[in-house]
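A.B. asks: how would this look folded up:
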Amino acid sequence: MTGRTLVARLDSVGDVLLSGPAVRAVAAGTADGVVMLCGPQGAPGARLLPGVRDVMVWNCPWITAPAPQVTGEITRELHEMVLDAGITEAVILTSFHQSPLPLALLLRLAGVQRITGASVDYAGSLLDVRLKPGEDFPEDQPEPERALQIAAAGGYLLPDDDDGRLRVQDVPDVTELVGKGPYVVLHPGAAVPARAWPPLHHAALAELLTGAGYRVVVTGGKGERDLTATVAGPDGIDLGGRTDLSTMAGVLAGASVVVVGNTGPAHLAAAVGAPVVSLFSPVVPAVRWAPYRVPLELLGDQNAPCKLTRARECPVRGHPCLADVSPEEAFAAVMRLMSGVPSLAGRRETRNV
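C.D. replies: Numbering: from 1, shown residues only. Modelled structure (predicted):
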């Protein structure tokens with residue numbers, strides 16, 4: 001079959017980064033590289049992935065929140081992009097709570113001849129290769145491995161010399177931002193409030209680290225400058241609003257340890273091989289979304305009442321799953337990673353380190 005192959009992952013930048021090994025598997029089996037279909041939030045991550053030749057950005061009505069209206073104009077936009085790119089085959093990557101079928105329908109109408117995806121629902125002629133979650137593969141596994149299994153069902157395997165870890169390309173030198181010498185990164189923000197450690201806990205951890213002689217670098221987006229300034233205090237290096245995703249990759253790559261919640265930069269840290277203290281709210285399972293295959297300290301009560309709720313706002317007064325993690329506990333976790341001996345708890349919870 002001639003034509004180009006599309007890999008679709010339509011949601012957040014973290015999810016796109018987690019799809020990286022599957023993207024490399026597809027790229028290894030195609031002559032012209034991968035065209036990646038992403039939403040606006042995920043596109044910066046796609047541009048960092050090895051194997052991606054082109055990125056198509058589409059604001060998907062059943063993924064984006066708040067959702068755009070389903071109109072002829074928005075579906076025609078996708079239709080024309082797929083036709084113009086010469087797409088003949090697609091691999092649709094989804095998480096357990098997402099269906100590939102709406103996208104498969106639109107891709108089929110745009111002339112895509114072969115489509116692979118994982119669906120619990122009968123797919124009829126929408127999928128040529130259908131995996132049944134819970135039957136063909138387990139759901140409780142890391143997201144990169146789920147994506148690799150979807151790609152493999154479509155006939156795409158990683159080369160023997162690819163270890164399957166997360167990876168990004170073109171990581172810049174950021175010495176002018178962070179200076180010289182070791183440092184610890186604190187990333188206090190989170191796209192979902194239920195996944196955030198309290199700001200003053202972060203600030204107290206920064207004080208503990210600087211008091212112990214460690215340099216602290218605080219990262220965050222343009223809308224988080226007040227937060228990063230609070231956390232950095234008088235002694236930390238405040239990079240709030242000063243990094244795009246590529247620059248942040250450089251900052252994380254140079255860190256001795258990264259302290260971060262379950263948000264996109266956690267997966268970016270894993271993609272550059274940084275040890276991670278993960279302040280992980282159990283609203284989603286750690287086995288699926290914890291930082292993948294890097295030295296890891298997993299903090300947070302994984303059996304709290306909010307477990308598996310997928311809540312965006314914490315449903316429990318006081319946010320105890322994370323608020324009960326003290327700055328001293330986080331400091332001790334940083335020290336364990338510094339020593340090269342992470343605790344067993346994170347390994348048991350995630351089974352991927």
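
A.B. asks: would you put the C-alpha positions of stretch 108-121 in PDB?
C.D. replies: Once non-C-alpha atoms are left out, stretch 108-121 reads as follows in PDB (Å, rounded to 0.1, in the frame of the first residue of the first chain):
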ATOM      1  CA  ARG A 108     -12.800   6.400   6.700                       C
ATOM      2  CA  LEU A 109     -14.900   9.100   5.100                       C
ATOM      3  CA  ALA A 110     -11.600  10.900   4.100                       C
ATOM      4  CA  GLY A 111     -10.500   7.700   2.300                       C
ATOM      5  CA  VAL A 112      -8.200   6.100   4.900                       C
ATOM      6  CA  GLN A 113      -8.000   2.500   3.800                       C
ATOM      7  CA  ARG A 114      -6.600   0.800   6.900                       C
ATOM      8  CA  ILE A 115      -7.300   1.700  10.500                       C
ATOM      9  CA  THR A 116      -6.100   0.100  13.800                       C
ATOM     10  CA  GLY A 117      -7.500   0.900  17.200                       C
ATOM     11  CA  ALA A 118      -8.600  -0.600  20.600                       C
ATOM     12  CA  SER A 119     -12.400  -0.600  21.200                       C
ATOM     13  CA  VAL A 120     -14.700  -2.300  23.700                       C
ATOM     14  CA  ASP A 121     -17.600  -1.600  21.300                       C
END
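
A.B. asks: those strands in the stretch 251-353 of the chain, which residues are they?
C.D. replies: Counting by DSSP state E, counting those that start in this stretch, the stretch 251-353 of the chain has strands at residues 257-261, 276-279, 296-299.

A.B. asks: hang on, Leu103 in a helix?
C.D. replies: Yes. If the criterion is DSSP: H, G, I helix; E, B strand; the rest coil, then Leu103 is within a helix.

A.B. asks: Let me know which of the strands of the stretch 251-353 of the chain is tucked in deepest.
C.D. replies: By mean neighbour count, with neighbours taken as mean count of other CB atoms under 10 Å, strand 276-279 ranks first of the strands of the stretch 251-353 of the chain at a mean of 30. For every residue, glycine as well, the C-beta is placed using N, CA and C.

A.B. asks: Run through who's touching that strand.
C.D. replies: Here strand 276-279 makes contact (CB atoms under 8 Å, 6 or more residues apart in numbering) with 197, 257-262, 266, 269-270, 286, 290-291, 294-300, 322, 325, 330, 333-334, 337, 346.

A.B. asks: Quick one: mean pLDDT over it.
C.D. replies: Regarding strand 276-279, the rounded mean pLDDT is 98.

A.B. asks: Tally up the residues packed near Gly264, please.
C.D. replies: Neighbour count for Gly264, taken as other CB atoms under 10 Å: 25.

A.B. asks: Wait, it touches Val13, no?
C.D. replies: Yes. Checked against CB atoms under 8 Å, the pair Gly264 and Val13 is within contact range at 4.2 Å.

A.B. asks: any idea how far the helix or strand encompassing Glu145 is from the chain center?
C.D. replies: Following DSSP states H and E, one finds Glu145 within helix 143-153. Distance of helix 143-153 from the chain centroid (CA atoms, centre = their mean, to the nearest Å) equals 15 Å.

A.B. asks: same question, stretch 317-328
C.D. replies: Centroid separation between stretch 317-328 and its chain, computed with CA atoms, centre = their mean, is 23 Å.

A.B. asks: Tell me which residues of it come out buried.
C.D. replies: Using 16 or more other CB atoms under 10 Å as the test for burial, stretch 317-328 gives His319, Cys321, Leu322, Ala323, Val325, Pro327.

A.B. asks: swap in stretch 38-57?
C.D. replies: Judged by neighbour count using 16+ other CB under 10 Å, the buried positions of stretch 38-57 are 38-39, 41-52, 55-57.

A.B. asks: now the nearest residue to Leu37 once chain neighbours are set aside: how far from Asp128?
C.D. replies: Excluding the flanking residues, the one nearest Leu37 by CB to CB, 6 or more residues apart in numbering is Ala8, at 4.2 Å. Plainly put, Ala8 is 15 Å away from Asp128 if you go by CB to CB, to the nearest Å.
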